[in-house]
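> just need the structure, nothing else, for what follows:
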Amino acid sequence: MKYENSGRKPTRLPRPRTLAAGVSLPALMVTLLSLGPIALWAVPTYADDSPASPDADQRTGGLEEIVVTARKREEPLQVAPVSISATSGATLEQAQITRLDNIGQFAPGINISQSAGQVDTVNVTIRGIGNADPILTADSPVAMYIDGVYLGRTAGALIDLVDIDRIEVLRGPQGTLFGRNTTGGAINVYTQLPAQKFGIQENVGYASNTEIHSTTTLDTGELGNSGLSAKLTYRHHQMDGFIRNTATDWANSPGADQTNEEFLAVHYQPVESFTADYKLDNMNKSLIPDFYQVTEVEPALATYFGNSPNVGGAVFAPNGISSSRLNTYTDWNHDRSYDTVTGHSLTLNYVVNEAFKIKSITAYRSMAIKSNSELSNSGQLKGFTSPCPVYFGIPGCSVPESVQNVYLFYAPYDHQRQHQISEELRSQYSISYRPDQFVANGQFRPIQILAESKKYKVRAKKGYYVPKQ
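This next block holds a predicted model:
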């Protein structure tokens, strides 16, 4: 038997050009990550280090600079030597991108969609690598992070994009810095910090399907000279279904949604070298999931379930069996699914000196989903069955068949719960080395750094210049 998901496809927006990652950093950086293998690499350098003229961006139309942390340290997108696409929160807001499953319009090679029949469960693939199984025991090969906190399951991971600072999409295996599960890639979502000045912002919108959304944001600004500031956001979203269920009204048809979310960000910086950031996100959602449409049935099953009305059951496949998408359908099972997701995180940053930094990310997240799935959309089917049919041939077991409730597939209020506690301790140590001896023909040449018995030895690659002894 085959099924086809009848969910909506998002409106495609023009995809911006992807910038090629260049290199211009005039220093060699060596990063040591704690709680993991030591990673050593050299950053290529070039001679064109003179600052651009103030009106250079204006002449070229303006190029937005995005700072990314794809390598667990801050660096401009243009110099990060990884396959990465980054989009700022301002760009997402301007394009009216409000859900995670729409960011594929800005990043090539990625596809994000909602799992049919599930609430807030995502199917993510990068370069064709992904996992569509929504069960809690399945790990996705594409890792997802919010403010550096790993989301352990794809269930409940279809987040709304509120107060977003930037989104980074890393393509290809990222096991060195992001763990063994990132064979396909990683998605990093970073939310905004509180503003330094007091402000209140209200955003209200109305769309088709009686869709209404409202986002209210309050920034306290810095409280006196304490270094403490906070941002509080409340978001409400509601809409009717997008496919009419003739057995009920639009408000209880597939896609009907009622969502309430709260976000809190607290920033504390008592001194220049230390910051503490606490963030809270809480979502409560009530949703009528997408329905399944029967497109093909084996003759034996069609005969068995087709006999349901003759024994007092509902009509099998009342919407017909068709491979063409239906605009309306009839389904007596229109119970809502519920999703509650809560996350807490505390990020501490301490700059010991210009070369040594320490970062700690402590987090707790919980998720509870009550979903309701029924594939046939046929109401209550009935048929002759037995817990021990004679034709099974089990010795001593011959319970006569009788009319009972039968199901093509039915999972009423499937409960899924998850609690996760995580701690990441990271240290970063940088060494800069740029002698004049590495200038040749007006260009700086890249060198290679090797680690040998607790000391660093500089050795040049073939064809490159080395300093005189």
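> going forward, measure contacts and count neighbours with C-alpha atoms only.
Fine.
> and V82, how many neighbours?
Counted by other C-alpha atoms under 10 Å, the residues lying close to V82 total 16.
> gap between it and A247?
Between V82 and A247 the distance is 52 Å, computed by C-alpha to C-alpha, to the nearest Å.
> can you check R73 too?
From R73 to A247 the distance is 55 Å (C-alpha to C-alpha).
> parallel or antiparallel, which strands does the helix or strand hosting L264 pair with?
If you go by DSSP states H and E, L264 is part of strand 257-271. Sheet pairing here is set by DSSP bridges, and for strand 257-271 it gives strand 228-239 (antiparallel), strand 274-287 (antiparallel).
> can you list the buried residues in it?
For strand 257-271, the neighbour count (16 or more other C-alpha atoms under 10 Å) marks 257-269 as buried.
> quick one: average pLDDT of it?
On average, the pLDDT along strand 257-271 is 96.
> tell me which residues are up against that strand.
With C-alpha atoms under 8 Å, 6 or more residues apart in numbering as the test, strand 257-271 has contacts from 193-194, 226-241, 275-288.
> stretch 195-202: end-to-end distance?
15 Å.
> excluding its backbone neighbours, what's nearest T98?
L161 (4.9 Å; C-alpha to C-alpha, 6 or more residues apart in numbering).
> who does the helix or strand where H415 lies pair with, and is each partner parallel or antiparallel?
H415 belongs to strand 410-429 when elements are defined using DSSP H and E. The pairing partners recorded for strand 410-429 under DSSP bridges are strand 356-374 (antiparallel).
> the partner strand: what's the following helix or strand?
Next along from strand 356-374, by DSSP H and E: strand 381-385.
> what's that next one in contact with?
By C-alpha under 8 Å, 6+ apart, the list of residues contacting strand 381-385 reads 304-305, 307-309, 311-316, 401-407.
> can you give me how far that strand is from the chain middle?
Relative to the centre of its chain, strand 381-385 is centred 42 Å away, using C-alpha atoms, centre = their mean, to the nearest Å.
> repeat that for stretch 162-169.
10 Å.
> what's in contact with that stretch?
With C-alpha under 8 Å, 6+ apart as the criterion, stretch 162-169 contacts 68, 70, 84-90, 98, 107, 185-192.
> report the backbone C-alpha coordinates of it in CSV.
Coordinates of each C-alpha in stretch 162-169 appear next as CSV, following Å, rounded to 0.1, in the frame of the first residue of the first chain:
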residue,chain,number,x,y,z
VAL,A,162,12.0,34.3,16.7
ASP,A,163,14.7,36.8,17.7
ILE,A,164,17.2,35.1,15.4
ASP,A,165,20.7,36.5,15.1
ARG,A,166,21.9,34.1,12.4
ILE,A,167,21.6,30.6,11.0
GLU,A,168,24.6,28.6,9.8
VAL,A,169,24.3,25.5,7.6
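> right, and V119 touches R336 too?
No: taking contacts as C-alpha atoms under 8 Å, V119 lies outside contact range of R336: 9.6 Å.
> the two: which has the busier surroundings?
V119 (26 against 21).
> OK, contacts around that one?
A155, G156, L287, P289, S337, Y338, D339, I369, S371.
> surely it is within a helix?
No: checked against DSSP: H, G, I helix; E, B strand; the rest coil, V119 lies outside a helix; its state is coil.
> burial count for A186?
Residues near A186, counting by other C-alpha under 10 Å: 26.
> name the helix or strand for it, please.
strand 185-191.
> report all helices and strands that that strand contacts.
strand 142-146, strand 164-171 (3 or more C-alpha pairs under 8 Å, 6 or more residues apart in numbering; DSSP states H and E).
> the shortest one: what's the following helix or strand?
So that's strand 142-146. strand 149-150.
> if we can go back for a sec, closest to V204 among the contacts of V119?
L287 (21.0 Å; C-alpha to C-alpha).
> hmm, that closest one is touching R336, no?
Yes: taking contacts as C-alpha under 8 Å, L287 lies within contact range of R336: 5.4 Å.
> so what sits against both of these two?
By C-alpha under 8 Å, 6+ apart, no residue touches both L287 and R336.
> contacting residues around F316?
F305, G306, S308, S376, S378, L381.
> please export the C-alpha coordinates of the strand holding L264 as PDB.
The C-alpha trace of strand 257-271 is given here as PDB (Å, rounded to 0.1, in the frame of the first residue of the first chain):
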ATOM      1  CA  ASP A 257      -2.600  25.400  14.500                       C
ATOM      2  CA  GLN A 258      -2.700  27.100  17.900                       C
ATOM      3  CA  THR A 259       0.800  28.000  19.300                       C
ATOM      4  CA  ASN A 260       2.000  30.100  22.200                       C
ATOM      5  CA  GLU A 261       5.700  30.700  22.800                       C
ATOM      6  CA  GLU A 262       7.800  32.500  25.400                       C
ATOM      7  CA  PHE A 263      11.500  33.500  25.100                       C
ATOM      8  CA  LEU A 264      13.800  35.000  27.600                       C
ATOM      9  CA  ALA A 265      17.400  36.200  27.200                       C
ATOM     10  CA  VAL A 266      19.500  37.600  30.100                       C
ATOM     11  CA  HIS A 267      23.000  39.000  29.500                       C
ATOM     12  CA  TYR A 268      25.400  39.900  32.300                       C
ATOM     13  CA  GLN A 269      28.800  41.400  31.800                       C
ATOM     14  CA  PRO A 270      30.300  42.800  35.100                       C
ATOM     15  CA  VAL A 271      33.800  43.200  33.500                       C
END
